[in-house]
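*Asks:* Below are the sequence and a predicted model for it; my questions follow.
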Amino acid sequence: MANAAAKSIGLNQLDHVAKSLAERVAGAASFTLLLMGEVGTGKTTLTKSFFTQLGLKDPSQVQSPTFTYINEYRVGSDLYAHCDFYRFGANFKQLDEVITSVDWPTYRGVVIEWPESAPFAPKSELTVRLKLAYEDTLATRSYSFF
């Protein structure tokens, strides 16, 4: 995906980004969404809205998988994975154990927070990379697809 200029949004506007992401992946048989950004920029908030856009009825199911590494959500007949690789750091042995224990092709889509902490992304038909960043205030973010 081509680099795009960063766009400014308020934290409460992440729903618009989630809707755009859901539209991008709608026709893909499989997808991987890589979410980068500092702590607190809204990666999990965006993920919650994204799964709601895909049809998840109870958004409270979407919790940060920081300590579980992977959470699963079912929307209709599709199964999705929500991963957080923040805690792996340089612990590649632990990363390898988690990655090899998962049957990645069973997921229609995989959302990975902190992909820069782990040199891994499952193979998929479509990969979307998005970076969130703080701007002047904690209430303002910028995002860019690349």
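*Replies:* Thanks, I have it.
*Asks:* Tell me which strands the longest strand seen in the chain pairs with, and in which orientation.
*Replies:* Secondary structure of the chain read by DSSP state E shows that its longest strand is strand 126-134. Strand pairing for strand 126-134, determined by DSSP bridges: strand 31-37 (parallel), strand 140-145 (antiparallel).
*Asks:* Return the member of those having the minimum mean pLDDT.
*Replies:* Note on the strands paired with strand 126-134: lowest mean pLDDT is at strand 140-145, with a mean of 62.
*Asks:* Where does the spatially most central residue of the chain sit: helix, strand or coil?
*Replies:* The centroid of the chain falls nearest to residue 111 when counting by C-alpha atoms, centre = their mean (3.4 Å). Following DSSP: H, G, I helix; E, B strand; the rest coil, the label given to residue 111 is strand.
*Asks:* Residue 18 too?
*Replies:* Using three-state DSSP, the secondary structure recorded for residue 18 is helix.
*Asks:* pLDDT wise, what is residue 77 at?
*Replies:* In this prediction, residue 77 carries a pLDDT score of 95.
*Asks:* and it, how far is that from residue 108?
*Replies:* According to C-beta to C-beta, to the nearest Å, residue 77 and residue 108 sit 9 Å apart. Heads up, the C-betas are built off the backbone N, CA and C, glycines and all.
*Asks:* Who has more neighbours out of the two?
*Replies:* Neighbours per residue, other C-beta atoms under 10 Å: of residue 77 and residue 108, the larger number sits with residue 108, 20 against 6.
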